[in-house]
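*Asks:* Any chance you could fold what I've pasted below:
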Amino acid sequence: MKKALFPGSFDPFHNGHLEVVERASQLFDQVVVAAMRNPQKASPMFDLDERKRLVKESTSHLENVEIVSLSTLVVDLARSLEVTVIVRGLRAVSDFESELQMAQMNRQLSGIDTVFIPTSSEYSFLASRLLREVAQYGGDISSMVPGPVAKEFSNRYGEM
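*Replies:* Got it, this is the predicted structure:
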């Protein structure tokens with residue numbers, strides 16, 4: 001069985017992330033999406049349990065997708081889940097350099113390869129950081145995030 005791991009902070013989970021999960025679910029028998037803590041990022045908008053719930057609700061239409069959370073090294077989770085590949089999304093060429101370096105480090109540490117799935121141009125501008133900022137200032141991000149995420153933002157910041 002070909003099992004993939006798609007890790008990310010997903011704060012918030014947006015349509016670019018969803019596209020990567022949907023495409024990975026067509027390529028692999030099982031996809032595990034791991035919402036993670038990223039100590040290099042500022043305090044999260046959504047706590048880990050909220051992010052996990054929002055990703056689960058957003059991917060509920062995909063039968064071969066499982067949602068977990070992690071606060072350890074991605075490769076440690078990958079080994080424990082016995083995944084065959086790590087999936088990473090690419091929005092633009094600027095993502096490639098850091099993602100390649102991370103993929104090489106993960107391969108060195110675990111022997112697990114990384115597959116890159118580029119997002120469509122429709123989502124290439126999406127970044128969780130930008131979505132948080134727009135929403136905090138009252139902007140409408142509902143077309144850029146799955147329904148459950150839009151509802152959560154609406155609950156926090158009012159109608160979008």
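
*Asks:* how about the helices in the chain?
*Replies:* With helices called from DSSP state H, the chain shows them at 15-27, 48-58, 74-81, 93-110, 128-136, 147-157.

*Asks:* The longest one - contacts with which helices or strands?
*Replies:* What it means is helix 93-110. Contacts defined by 3 or more Cβ pairs under 8 Å, 6 or more residues apart in numbering; DSSP states H and E place helix 93-110 against helix 74-81, strand 85-90, strand 113-118. C-beta coordinates here come from the backbone N, C-alpha and C atoms, glycine included.

*Asks:* And for the fifth one?
*Replies:* Helix 128-136 sits against helix 147-157, with contacts defined as 3+ Cβ pairs under 8 Å, 6+ apart.

*Asks:* what do you get for the first one?
*Replies:* For helix 15-27, the helices and strands in contact under the criterion 3+ Cβ pairs under 8 Å, 6+ apart are strand 3-8, strand 30-36, strand 85-90, strand 113-118.

*Asks:* Same list (the ones you listed) but as CSV, adding distance to Val74 and mean neighbour count.
*Replies:* Shown next, in CSV, are those (distance: least, Cβ to Cβ, whole Å; neighbours: other Cβ atoms under 10 Å):
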stretch, distance to Val74, mean neighbour count
strand 3-8, 5, 23
strand 30-36, 7, 24
strand 85-90, 7, 21
strand 113-118, 10, 16
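
*Asks:* And those: which comes nearest Thr72?
*Replies:* Between Thr72 and the helices and strands packed on helix 15-27, the shortest separation by Cβ to Cβ is 8.4 Å, and it involves strand 30-36.

*Asks:* Great, nothing more from me.
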